[in-house]
Structures are given as structure tokens and as C-alpha cells.
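Peer 1: With the sequence up front, the predicted model follows.
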2 protein chains.
Amino acid sequence: MKELIKKIKDSIPLSKEAEEYLFSISNERTVPKGSVLIRQGRPVDMVFFVTDGCLRSFFIDRHGKEHTLHFAIRNNWISDYIAIHSNESATLTVECLTESSIIEFDTEKIYGMLTMFPELEPFQRANLERLFISLQKRIINQLHLSAAERYDLFLEEYPDVEQHIPNYHIASYLGITQESLSRIRANKSRT
Amino acid sequence: MKELIKKIKDSIPLSKEAEEYLFSISNERTVPKGSVLIRQGRPVDMVFFVTDGCLRSFFIDRHGKEHTLHFAIRNNWISDYIAIHSNESATLTVECLTESSIIEFDTEKIYGMLTMFPELEPFQRANLERLFISLQKRIINQLHLSAAERYDLFLEEYPDVEQHIPNYHIASYLGITQESLSRIRANKSRT
DNA sequence: TAGCTTTCTTAACATAGGTCAATCTTTCCC
DNA sequence: GGGAAAGATTGACCTATGTTAAGAAAGCTA
């Protein structure tokens, strides 16, 4: 919880009351590798802040293939925001890739805080702006870079993740098959 | 300007002062087809609200190929947010695809309004959330749909745009060449 | 309306990446 | 430590999309 409070305070001044309330609605816990926190088709009533480990959100298409939308590592939030903001049941699944420490919050309660404590709005806006920009960049990369170039960028952006998760999750994030990723890796080590 | 005020008031109550200030920093004008409002490499100091017509933002890669990030139609905002939020010069170019009516705002002034009138924060947050979700959906679509399926979705999402802009801009938005799009269109009309 | 210019289509061929299947390697339990 | 399960690699072949080039159609504008 310290990390989260620090992250907020790095961005805006946080009143004692807001901090206490945030603490009162938080639930810190560790989750084992493989556990599923949100399941496609089910209601979404939680958002998660990761303090350690790695989780991912992914989409299962009509052929049963998985497509990774997001990897969440330390100090990242993760949930199914598509479901939350359109008030639908989950279109994504959120799963734990390594044993992780998370803080979970009830969606209604944590979003309610923005009304209770409007001082938090600039913090949330900064978060959203950062996410928005990173998604725009990812779309641009997807439009003009080869799979190998996208893999290089992935390694830069998530330098510690590669060693800890299976390659096929990375492939599904890059939009290629695990076989293609394997060939890209073979090519890289050859040079 | 009426459309913009209405759009804001549909979302939040807007004080007379805020409305007047917004008006005072606005500059409504029509821009001819082909004009470039933001150019890759130059500073970005304006954001634009479209009241009529169609603009696009695109990225020019190292081979000189253009990749369309966003089409802005009536009631959309457009600028180079990557540049604005990272305080760099433009990575995108914003160009006018049909004669359009826009309202332009100085970036500093309009973002400054969020500090002057914190009541506006929820409006901006709602905008960002909507954009964030639509980009997440676009990434998911890019990951699992064929070019033909993405084209169908494009036609649903921008039903009036297709007739007014060249196909190669649509192709560059979908991440394919104009020749591929032409083949997809030929296939569709054959069935 | 003629004659540019821009846009769209089509064809032949090339290539990145996908599919399927086999095998090898690593990890993890009992 | 041995054996199963999970993950990674490799090969042969396939397909969607890219490339290049040519020509047809559509739009402008004089």
C-alpha cells in the first residue's frame, strides 16, 4: 500500500482523509501463479494495483485463441476497463502470470472517490493521459513495424518480464504466433 | 461553438464564467481540403475541435509511408497528443481531408482551464476514458481480425467517411496497402 | 468538353508470417 | 531422480498481404 500512496503523492497532494478512505477500501493480498482474477463473460467489480509480480489481460477470440492486451507489472493498474466503462460483463480475462502481490479495490468505491475527493481528479487524468499515449504509440508501432522490431521494443519496455513468462504470451501481445516469435529469436541470436 | 458547449453541458454543468472563458480563447474557422494544421517535427501548440468535415492525424515512417492514427469527424477533437503530453515536437501530421469547420484552442490555455475550473475535470476524464477504451478495442481488433473484418468495422464506425475520402487513407488506417483494400472491396461486391 | 491529375483496380510475382506436426528442452512434481 | 507436463524450436508447406507495374475510371479545371 505504501507504493500506491507514494505514487499518488508524487503526483498530487493527498489529504489525510482521502488516504484513510483509500486504505479502508483496499485489500492487499498475494495471488498465486495461474489464478484468474477476472473471467471473460463474468461481471467486473474489481480493479487491481500490482505491487509485485506480473499479470496480464487478454481477449479470447471466436477460435479460442488468446490475444494479450496488457501486461501489468509493479506499480501498474489492471482490470477490464472496457467492461467497466461500458457497464457490461467482462470481455477480457485477467490472469496472474507469476506469484504476485496486488491491492484490490471495489470498482464503484474507488471511482466514487473521485466524486468524494475531487482533488484526485488530476491524478486520474494524468494516469489516463499516459495510458492513452502509450496505446496510440502501440497502434502506430503495429501499423508500421515488423514483428521483429515490435519484439525489440517489447524487450525495451518490459526488460524484466521476458525471463519470467512463457514466450507465447509475448507472441500473443505482439500479434504473432509463438512459432514466429521463436524464429525471430533464433534470427537474433544468430547475428 | 454551440455544438461544443452543448457537448460539454450534456456531460457536466458549466458555469457562465467557464463558458465565457472558453469562448474567449476559441477561434472558429473553416479550413480548406488539404491544409495541414500540425506538421511532423514542428511544435504543437493547438488542439482542434471539429464541427464539420473530416481531418486525420498520421505518422510518416522512415520509408516515407503514411499511417493514419485517427480520423476526426463532427464533434471530435484532434491534435498530436503524443507531442503535447511528452512536451516534444510533433510526431504526427494533422491534415484536413475535406473542407472543414473547426474551433482551435491554444493548448496551454485550454489545459489551463482544468486548473482554473476544476468542475471541468469530470468532463475531460470522460473524454479520456472513452478514447482509452476505443484504442483498446482497436488494438484487440488489430490482433485478431482479418483486414476484411477490420474494414467492415471501419464502415460501421465511420459510415459517412468512406464516400468523402480516398481509399488509401482508409487502407493506411487499417494497416494494409491500398491494393489490398481494393481487393477486399472487389471481393465484397462479388458476393 | 478536352486533357490533366488523382484515385482505383487488376495482374504477376514476392514475402512475412501462419499452420501443422514432429522433436527437443526445461520445469516441476511425486 | 524419473517421468509427465509445459514450453520452445524446427521444418515443410500454405495463405494473406505486400510490391511493382500497368491501365482504367473518376474528378477537376481550363
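Peer 2: Looks like it came in fine.
Peer 1: Show me where chain A has its strands.
Peer 2: Along chain A, counting by DSSP state E, strands occupy A:26-31, A:36-38, A:46-52, A:55-60, A:66-72, A:77-78, A:93-96, A:100-106.
Peer 1: Nearest to DNA strand C among the ones you listed would be which one?
Peer 2: Distance to DNA strand C, taken as CB to the nearest atom of the strand, is lowest for strand A:66-72 among the strands of chain A, at 10.7 Å. C-beta here means a position set from N, CA and C on the backbone, and glycine is covered the same way.
Peer 1: Give me the contacts around the closest one.
Peer 2: A:48, A:50, A:54-61, A:78, A:92, A:97, A:158, A:161, A:165, A:169-170, A:172-173, A:175, B:136, B:139-140, B:143-144 (CB atoms under 8 Å, 6 or more residues apart in numbering or on different chains).
Peer 1: What's the local residue count around the residue nearest to A:Ala148 when sequence neighbours are not counted?
Peer 2: Once flanking residues are discounted, A:Ala148 sits nearest to A:Ile184: 4.8 Å by CB to CB, 6 or more residues apart in numbering or on different chains. Residues lying near A:Ile184 (other CB atoms under 10 Å in any protein chain shown) number 19.
Peer 1: Check which helices and strands the longest helix anywhere in chain A sits against.
Peer 2: Secondary structure of chain A per DSSP state H: the longest helix is helix A:121-144. Packing contacts for helix A:121-144, counted by 3 or more CB pairs under 8 Å, 6 or more residues apart in numbering or on different chains; DSSP states H and E, involve helix A:147-157, strand B:55-60, strand B:66-72, helix B:81-86, helix B:121-144.
Peer 1: do stretch A:1-9 and chain B meet?
Peer 2: No. On the criterion CB under 8 Å from any CB of the partner chain, stretch A:1-9 is out of touch with chain B, staying 15.8 Å away.
Peer 1: List of residues touching that stretch?
Peer 2: A:14, A:19, A:22-23, A:26, A:28, A:49, A:51, A:74-75, A:103, A:120, A:123.
Peer 1: rerun at 7 Å
Peer 2: The contact list for stretch A:1-9 (CB atoms under 7 Å, 6 or more residues apart in numbering or on different chains) reads A:Leu14, A:Glu19, A:Phe23, A:Ser26, A:Glu28, A:Phe49, A:Thr51, A:Asn75, A:Ile103, A:Phe123.
Peer 1: got a winner among these for most neighbours?
Peer 2: A:Phe49 leads those on contacts (other CB under 10 Å) with 23 neighbours.
Peer 1: who are the neighbours in contact with that residue?
Peer 2: Counting by CB under 7 Å, 6+ apart, A:Phe49 touches A:Leu4, A:Trp77, A:Ile102, A:Ile103.
Peer 1: Excluding chain neighbours, give the residue nearest to it in space.
Peer 2: Of all residues not flanking A:Phe49 in the chain, A:Ile103 sits nearest, at 4.5 Å (CB to CB, 6+ apart).
Peer 1: give me every residue that touches the one you found.
Peer 2: A:Ile103 neighbours (CB under 7 Å, 6+ apart): A:Met1, A:Leu4, A:Ser26, A:Asn27, A:Glu28, A:Phe49, A:Thr51.
Peer 1: Please name the bridge partners of the fourth one.
Peer 2: Each beta-bridge partner of A:Asn27 is listed here, defined by DSSP bridges: A:Glu104.
Peer 1: From chain B, how far out is it?
Peer 2: As judged by CB to the nearest CB, to the nearest Å, A:Asn27 and chain B stand 24 Å apart.
Peer 1: and what of A:Ile12?
Peer 2: Taken as CB to the nearest CB, the span from A:Ile12 to chain B is 12 Å.
Peer 1: Is it correct that that residue is in contact with A:Glu119?
Peer 2: Yes. Using CB atoms under 7 Å, A:Ile12 is in contact with A:Glu119, at 6.5 Å.
Peer 1: Quick check: end-to-end length of stretch A:38-52?
Peer 2: End-to-end span of stretch A:38-52 (CA to CA, to the nearest Å): 18 Å.
Peer 1: Next, find the distance separating the residue nearest to A:Ala148 from A:Glu149.
Peer 2: From A:Ile184 across to A:Glu149, the span is 10 Å (CB to CB, to the nearest Å).
Peer 1: A:Tyr168: neighbour count?
Peer 2: If we define neighbours as other CB under 10 Å, then A:Tyr168 has 15 of them.
Peer 1: Tell me the spatial nearest neighbour of it, not counting adjacent residues.
Peer 2: Counting by CB to CB, 6+ apart, the residue nearest A:Tyr168 is A:Gln178, at 3.9 Å.
Peer 1: Surely that neighbour and A:His169 touch.
Peer 2: No. The pair A:Gln178 / A:His169 is not scored as a contact, 8.9 Å apart, by CB under 7 Å.
Peer 1: Same drill for these two, tell me which one is more crowded.
Peer 2: Higher neighbour count among A:Gln178 and A:His169: A:His169, with 20 against 14, using other CB under 10 Å.
Peer 1: Could you report the pLDDT at that one?
Peer 2: If you check A:His169, the pLDDT there is 98.
Peer 1: how much space between it and A:Leu181?
Peer 2: Taking CB to CB, one finds A:His169 at 10 Å from A:Leu181.
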